[in-house]
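1. quick check, what structure comes out for this input:
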Amino acid sequence: MGADDKIENKAEELKGKVKEGAGKVTDDHSLEAEGHADQAKAGLKQAGEHVKDSFKKNDDDR
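-> Numbers count the residues shown, from 1 in each chain. Here you go, the predicted structure:
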């Protein structure tokens, strides 16, 4: 996983946490749900990057 991808995914995850927190404080369920979605999206991207890294590592080991 490239450093840029890691930073982007972490930033998206943090953005989601901020939205979720703001939604809880303001009792805005829509904003809270949007924050959860942003975090899930970032998690899926990170998982995909880990899979690509795993395949790349396996190719390097050959």
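
2. show me what contacts the spatially most central residue of the chain?
-> Taking Cα atoms, centre = their mean, the centroid of the chain lies closest to A42, which sits 1.7 Å from it. Counting by Cβ atoms under 8 Å, 6 or more residues apart in numbering, A42 makes contact with N9, K10, E12, E13, G16. In short, each C-beta sits where N, CA and C put it, glycine included.

3. of those, buried ones?
-> N9, E12, E13, G16 (16 or more other Cβ atoms under 10 Å).

4. any figure for the gap between the third one and K41?
-> With distances defined as Cβ to Cβ, to the nearest Å, the gap from E13 to K41 amounts to 9 Å.

5. what's the answer for the second one, then?
-> Taken as Cβ to Cβ, the spacing of E12 relative to K41 amounts to 7 Å.

6. common neighbours of those two, please.
-> Counting by Cβ under 8 Å, 6+ apart, nothing touches both E12 and K41.
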